[in-house]
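Curious how this folds, go ahead:
(one chain, ligands or ions: 1)
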Amino acid sequence: MNHPRPRLLVSRCLGFDHCRYDGGIRSSLVVEKLRPFCQVQTVCPEADSGLETPRPAADLYADNTNRARMVQSTTQRDLTELVESYCDSMSTDLDIDGAVLKAKSPSCGVDSARIFQPDGSWLPGKGILPRLLSRQWPWLPLADEKALEDHHSRHHFLSNLFVVARLRQLGPTPDPVALEEFHRCHKYWLMARSPHDLKQLGRLVATGDRDVFGTYRSQLRKVVAQPSHRGRIVNALQHMAGYFSPGSHQQEKWQQRVQEFLDGLVAEEELLQMLRHWQREQPREYISMQVLLWPYPSNLISK
Ligand code: SF4
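Residues are numbered from 1 along each chain as shown. Predicted coordinates for the structure are as follows:
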């Protein structure tokens, strides 16, 4: 299967530059693996907004709005407006399919920035950049590098990233035939996320009308933003398994793996590997085109 090259925004301190507050840099295996497969654009909201490196560390402090303030702890300098206005202006020109940002940073942390409360405790929340990005594009695949160390989260993020990139590749007004082909390839991917949306999107495509694309794209993006659900994934994988006639031993092993997946004991990849094996042994044209089976380049698949 041909895969697109997603446009990926990455925090610059994740292996690209010594731009951390202390002049340091961090490595991320996930980012290293992604680099050859993506068009990477880096960002450092603090350095790019004019702050020097090294610089005093900053933290987020809850105020009585939803907008935490970013303050340097040693100098008490309030950086909120500076960093926010940079992120605001930078994001108006962005054309990306997803972002991997630095965990725990007040500027970049995705759900992992520490937001200090008036009583001195802290709660995890969004740093300034991911807060603005998710407000502008609620469907955009966003994760921090620490979250992507978990297999399930990484698989979910990468699947979404490549779906969004394929959707972008269709262009603003795709030919109805191209849209039909896209939908056919994503049939089981959609079934694994939302059988209801699969049906509705199928009806849109069946009209053969070029004007339905805007609605199709908005609805698919909403599906991308949904959390995954093991029962739905199993439902789609069982439909795909129905195309093959494995021996009784293999069938037994399949059912055992399915149960283990439902119990959270094995990753989806274990089931996909079995299906890929059956597909090699008993090639099925319709299955060969299914994104659910090959959601992203095989080099990115790891346990
Ligand atoms: S976490 Fe974000 S703001 Fe901080 S150094 Fe890294 S890229 Fe820059």
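
need the next SSE after the helix or strand containing residue 256, C-terminal direction.
Element membership of residue 256 [criterion: DSSP states H and E] is helix 248-262. Per DSSP H and E, the first helix or strand lying C-terminal to helix 248-262 is helix 268-281.

quick one: contacts of the helix or strand just after that following helix?
Using DSSP H and E, the helix or strand that follows helix 268-281 in sequence is helix 285-288. Contacts with helix 285-288, where a contact means Cβ atoms under 8 Å, 6 or more residues apart in numbering, come from 1, 240, 243, 275, 279, 293. Where you see a C-beta, it was placed from the backbone N, CA and C, and this is true even at glycine.

And stretch 48-57, by the same measure?
Against stretch 48-57 from outside (Cβ under 8 Å, 6+ apart): 18-23, 46-47, 72-75, 77, 79, 82-83, 85-87, 90.

Contact residues of the stretch 101-250 of the chain facing the ligand?
By the rule Cβ under 6 Å from any ligand atom, the part of the stretch 101-250 of the chain lying against the ligand is 102, 105, 107-108.

Quick one: buried ones out of the residues you listed?
Buried members of these, counted by 16 or more other Cβ atoms under 10 Å: 102, 105, 107-108.

Just to be careful, could you list which of these are in strands?
With strands defined by DSSP state E, no entry of these lies inside them.

Determine which two of those residues are furthest apart.
102 and 107 (8.1 Å; Cβ to Cβ).

Low-confidence ranges, the protein, go.
66, 302-303 (pLDDT under 70).

quick one, domains of it?
Following automatic domain parsing, one finds the domains of the chain at 7-149, 173-303.

which stretch among these comes nearest residue 166?
Taking Cβ to Cβ, domain 173-303 is the member of these nearest to residue 166, at 6.8 Å.

can you give me how far the closest one is from the chain middle?
17 Å (Cα atoms, centre = their mean, to the nearest Å).

Helices of this structure, start to end?
29-34, 45-48, 80-92, 128-136, 151-169, 176-185, 187-193, 195-206, 213-224, 230-241, 248-262, 268-281, 285-288 (DSSP state H).

Residue 12: which of these is closest?
Among the helices of the chain, helix 45-48 sits nearest to residue 12 (Cβ to Cβ), with 7.3 Å.

May I have that closest one exported as PDB, CA atoms only?
Extracted in PDB, the C-alpha atoms of helix 45-48 (Å, rounded to 0.1, in the frame of the first residue of the first chain):
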ATOM      1  CA  PRO A  45       7.100  28.700  20.900                       C
ATOM      2  CA  GLU A  46       9.500  30.100  23.500                       C
ATOM      3  CA  ALA A  47      12.600  30.700  21.300                       C
ATOM      4  CA  ASP A  48      10.600  31.700  18.300                       C
END
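
ok, that helix near the ligand or not?
Yes. Using Cβ under 6 Å from any ligand atom, helix 45-48 reaches the ligand at 45-47.

Let me have the residues you listed in a markdown table, adding neighbour count as columns.
Output for the residues of helix 45-48 next to the ligand, formatted as a markdown table (neighbours: other Cβ atoms under 10 Å):
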| residue | neighbour count |
| --- | --- |
| 45 | 26 |
| 46 | 28 |
| 47 | 20 |
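
between the residues you listed, which is nearest the ligand?
residue 46 (3.9 Å; Cβ to the nearest ligand atom).

Tell me how many other residues crowd residue 199.
11 (other Cβ atoms under 10 Å).

Same question for the one 5 residues further on.
Counted by other Cβ under 10 Å, the residues lying close to residue 204 total 17.

so it touches residue 214, yeah?
No. Checked against Cβ atoms under 8 Å, the pair residue 204 and residue 214 is beyond contact range at 10.2 Å.

just to revisit the earlier point, with respect to burial, which of the domains of the chain scores highest?
Sort the domains of the chain by mean neighbour count, taking mean count of other Cβ atoms under 10 Å, and domain 7-149 sits at the top with a mean of 18.

ends of that domain, how far apart?
Chord length of domain 7-149, first to last residue, is 21 Å (Cα to Cα, to the nearest Å).

Tell me the gap between it and the middle of its chain.
Using Cα atoms, centre = their mean, the offset of domain 7-149 from its chain centre is 16 Å.

Not counting sequence-adjacent ones, nearest residue to the residue of the stretch 151-300 of the chain found nearest the ligand?
Residue of the stretch 151-300 of the chain nearest the ligand, by Cβ to the nearest ligand atom: residue 157 (18.3 Å). Closest residue in space to residue 157, ignoring its immediate chain neighbours: residue 143 at 4.7 Å, by Cβ to Cβ, 6 or more residues apart in numbering.
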